[in-house]
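> Need a 3D model of the following:
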Amino acid sequence: MALSAELECTEMTLPQSSTANTTSRALSAELECTEMTLPQSSIANTPPPGPSNRDARNAEAVLTPQAPFPNMTFDTLEDAHRHYLSFSYKRGFGIRYNYRKKSEVTGEIIRAAMICHKAGHQAKEKEDTQKPKPVVAERNKSTNARTECPARMLVKLRDREWVVTEFNDEHNHPIFKKWSLTSFLRSHRHIPEEDKDFIRVLHKVNMETSRMMQVMAQLYESVEGVPYTPKDMANFRSTLRAQNKFTDMQDTMEYFEEMKLQDKDFYYRYKLDDEDRVQYLFWVDGASRKAYKNYNDCISFDATYLTNKYKMPFAPFIGINNHGQSIQLGCGFLRNELTESYIWLFESFLLAMDGLAPLNLITDQDGAMRSAILAMFPNATHRNCRWHIVEKATEEIGPFIAKIKGLREEMNDCINCSLTPEDFEMKWNLMVYKHRLRDHEKITALYNKRSYWVPAYFMHKFYPFLQTTQRSEGFNAVLKKYVTPTNSVIEFVRQYADIQSKMIKAQNKEESDSALLTARNWSWNPLETQMSQLYTKNIHTRFQAEMQSSMCYNIKEIAQHTYQVYCITKFVPNYYNRSYEVYADPENGEYRCACCKFERDGILCCHILKAMLQLGVCEIPVRYILRRWTWSAEEDLVVEKPGERAVMPEESRKKMWLHVNCNEFKGLAIGANETEDGIKLVRMHMKALKKDLAALKRETAKRAKQVNRNPTEATANQTEQESARDEVSLQQASSGPKARQKKQKQASASTSAATANDPSAMPGTSETQVPNIRDPRVSNTKGRKRKKAFQKPLDIGRKEIRVCKQCGSTMHDSRTCTQRGELFDLNN
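This next block holds a predicted model:
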């Protein structure tokens, strides 16, 4: 049979069945313009087309796949499966393999059977007497009831071609009439390879599955066009996470060794338990180690949960740079939150920082953490987070305080407005005596811990712009946008490196703004002009706020070089409405204020600025300009890598353009489908585009042959191939168990020069050569435990016994207590 060249591609229709046999390779180039979803170079013995109906030209006739028939041939088994899958999708049923038989001689597949998804009989559930049923109700699962459907297609390998030996299209069950419903069958929920590559990219940035589906819906122009479900995507992501299921820590150590090659100052350390499982882990990059030498004056430290699948607490060290930004100064994983765990972590931190201890630390209220800090940083000032203590106290004594009029205001005045420890204790004692709170257990316990959290006890310590662990809490909040509780350690480490890169880029942006941009002056005062040339942009903004607040005060001299700065407005932010005593000696360049803002934050307060303005001072002394707040303080902290401008890798660029082109081509097809002329126009250009791409492919192959004919080029290519084979064989040899053990020993022996030379290194740390490193066990954390899925039968329905926090009775709670609002003992 010969097809004329004048046959229009939009008019072609293929009937469902015919007896004549023609080969697909005889159709030649005329079939290339059709839109049939048939495998390329796959169908053979195609029946001749019947009479076409010019008035019934529609997409259904063109897009409907041909029904298989006996003696129909395919080039490969995949082509046969693809064709039957396309046919079943249009018909409204799903398929699966029943068997694929291999040859006993060659081991190749020679026969296969593809059957309907309803074929076979329903398997009976076997009751396992050794495994008792759970007490709690199981999830209601729906099953696909099989009806022994006879529909199937059998294929066999003959003369290197796959021939259909039997085909049955009779079903004993209803089939779907809507394509939108057929797409939910398992055989038709397939994730294409190009989509998998793109999903891997989104998975690396830890995007949620629901957000991924939104992205794919945009690429497919609609949610209905996505050929898979969110559950399929979640299952694929599970397979990605399972790739390093039992080699998580070994992959992490290999990653650390790669980082050491890129960053000579990269440092990591770990400790193993008796089972060679990782118990503790610490790492820090070179940029953080260099930054710590300039910014070790204040460190925020806190442990957080729900960052890895082992439930190991994550403990980052957070500092503050010259722009007032939070920076990472190292981090670690711990098996538990005991004192010895924190001691090991702080010891590793000191080894990485060449023994330089932090000057001031702020943490949450944890006894084990406090004991470890006292042991490892004895000269550092340790402060507890004020917010955590006040929040916990509010939960315990908040209702009680609310019942006493004026008690809350007096307590806030004691905490916030006391400038010295003596001032705080005097106000507190007056409050306790006035409201007779001496024997209140909770308030007394709060007072006994005053030296750990009350601001008056840290007025002369450097805690710039913070009284809580908000730096750590903020970093943890950002971190949990990048990681989830299902992440492995290697995934966490890579995400942590991405966060570090992001923070360094933001830091460079602030550096650029401080160097290039000119701050808008609030006034023409020479003090502000001087600081605009020295401070970074963010710190200068804070200095301008102090200059503005100075207008809320007036000043009078009460002694020689001593002035009283009193408020002339109702309220001043951060200073309330009280008066402050300022010592000002312009001749000697010495200034002091009772608010101690310079000692706490490193910039002059509005009270000293008011005295300078009153005394006509035109320049701030150098001693009151901290170098850590200047824009040149971080000039040599980050090593610049010479090279050209970074470009997107070729593979990533191809993936991006693939999805962009698919999206644009689909949009063109949808727009052209509105009219008949539009369809013809698009098909004409598509045919021309196919010819151009085929010519380009032939030209590329021709150039490759010419290069191979050149002996010099051929020798170079052969050398490259041999080196590539050697590299592949080396990689294969290095992936064996013995090579992994050898690598691990090398990694253990070369973690850090500081660790290796430390004679007091703890046994079992990274410098100890171990045959293998195993993944850690799941830790038992201090956090609130979730309800167990399995409960004891006697515990079902048992209600928790509630105890009144006011009087201790089990008959009622604090909401209905008759003694609510009263003191424990009024007689004393």
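> all helices for the stretch 51-200 of the chain, in order.
59-63, 77-91, 179-182, 193-204 (DSSP state H, counting those that start in this stretch).
> Dump the longest one to CSV, keeping only the CA atoms.
Once side chains and other backbone atoms are set aside, the C-alpha atoms of helix 77-91 remain, and they are given as CSV (Å, rounded to 0.1, in the frame of the first residue of the first chain):
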residue,chain,number,x,y,z
LEU,A,77,8.6,-5.1,24.9
GLU,A,78,8.5,-1.5,26.2
ASP,A,79,6.9,-0.4,22.9
ALA,A,80,4.2,-3.1,23.3
HIS,A,81,3.5,-2.1,26.9
ARG,A,82,3.4,1.5,26.0
HIS,A,83,0.9,0.9,23.1
TYR,A,84,-1.4,-1.3,25.2
LEU,A,85,-1.1,1.2,28.1
SER,A,86,-2.2,4.1,25.8
PHE,A,87,-5.0,1.9,24.4
SER,A,88,-6.3,1.0,27.9
TYR,A,89,-6.2,4.7,29.0
LYS,A,90,-8.6,5.7,26.1
ARG,A,91,-10.7,2.6,26.8
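> Which positions within that helix qualify as buried?
For helix 77-91, the buried set under the neighbour-count rule, 16 or more other CB atoms under 10 Å, comprises 77, 79-89, 91. C-beta here means a position set from N, CA and C on the backbone, and glycine is covered the same way.
> how about the strands in the stretch 551-700 of the chain?
Using DSSP state E, counting those that start in this stretch, the strands of the stretch 551-700 of the chain run over 553-559, 562-567, 580-585, 590-593.
> and the last one, how far out from the chain's middle?
Meaning strand 590-593. Relative to its parent chain, strand 590-593 has a centroid offset of 47 Å by CA atoms, centre = their mean, to the nearest Å.
> and what of the longest one?
Offset of strand 553-559 from its chain centre (CA atoms, centre = their mean): 55 Å.
> what's the average pLDDT for that strand?
Averaged over strand 553-559, pLDDT sits at 94.
> circling back to that earlier point, can you put the helices of the stretch 51-200 of the chain in CSV and add mean pLDDT?
What follows is the helices of the stretch 51-200 of the chain, written out as CSV (pLDDT from 0 to 100):
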stretch, mean pLDDT
helix 59-63, 45
helix 77-91, 91
helix 179-182, 79
helix 193-204, 88
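> Flag the shaky bits of the stretch 401-550 of the chain, pLDDT-wise.
Applying pLDDT under 70 to the stretch 401-550 of the chain flags no residue at all.
> returning to that earlier point: would you turn the helices of the stretch 51-200 of the chain into JSON lines with distance to Tyr433?
Formatted as JSON lines, the helices of the stretch 51-200 of the chain follow (distance: least, CB to CB, whole Å):
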{"stretch": "helix 59-63", "distance to Tyr433": "90"}
{"stretch": "helix 77-91", "distance to Tyr433": "84"}
{"stretch": "helix 179-182", "distance to Tyr433": "77"}
{"stretch": "helix 193-204", "distance to Tyr433": "62"}
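> wait, which of those is closest to Leu281?
helix 193-204 (21.4 Å; CB to CB).
> got the buried residues for the helix or strand following that closest one?
Per DSSP states H and E, the first helix or strand lying C-terminal to helix 193-204 is helix 209-219. If you call a residue buried by 16+ other CB under 10 Å, then helix 209-219 has these buried ones: 209, 212-213, 216, 219.
> Same question for stretch 552-564.
Neighbour-count burial for stretch 552-564 [16+ other CB under 10 Å]: 552-553, 555, 561, 563-564.
> One more: stretch 234-254?
236-237, 244, 247-254.
> Find the nearest non-adjacent residue to Asn206, please.
Tyr482 (5.2 Å; CB to CB, 6 or more residues apart in numbering).
> Need phi/psi at that neighbour.
phi -100, psi -30 (degrees, to the nearest 10).
> Quick check: it vs Val215, distance?
Using CB to CB, to the nearest Å, one gets 17 Å for the distance from Tyr482 to Val215.
> Phe458 - how many residues pack around it?
Using other CB atoms under 10 Å, Phe458 has 22 neighbouring residues.
> one step back: for the buried residues of helix 209-219, which one is nearest Ser809?
Thr209 (49.0 Å).
> tell me the contacts of the closest one?
The contact partners of Thr209, by CB atoms under 8 Å, 6 or more residues apart in numbering, come to 230, 233-234, 237.
> Show the contacting residues for Phe256.
266, 268, 283, 493, 747.
> Other residues contacting stretch 484-503?
204-206, 241, 244-245, 248-249, 251-252, 255-256, 259, 278, 281, 283, 285, 287-288, 306-311, 314, 325-328, 331, 333, 478-479, 482-483, 775-776.
> repeat that with 6 Å
244, 248, 251-252, 306, 308-309, 328, 482-483 (CB atoms under 6 Å, 6 or more residues apart in numbering).
> that older thread, closest one to Glu148 out of the buried residues of helix 77-91, please.
Among the buried residues of helix 77-91, and counting by CB to CB, the member closest to Glu148 is Ser88, at 17.5 Å.
> Bridged to the closest residue to the closest one other than its chain neighbours, which residues?
Closest residue in space to Ser88, ignoring its immediate chain neighbours: Ile95 at 4.9 Å, by CB to CB, 6+ apart. Assessed by DSSP bridges, Ile95 has beta-bridge partners Cys116.
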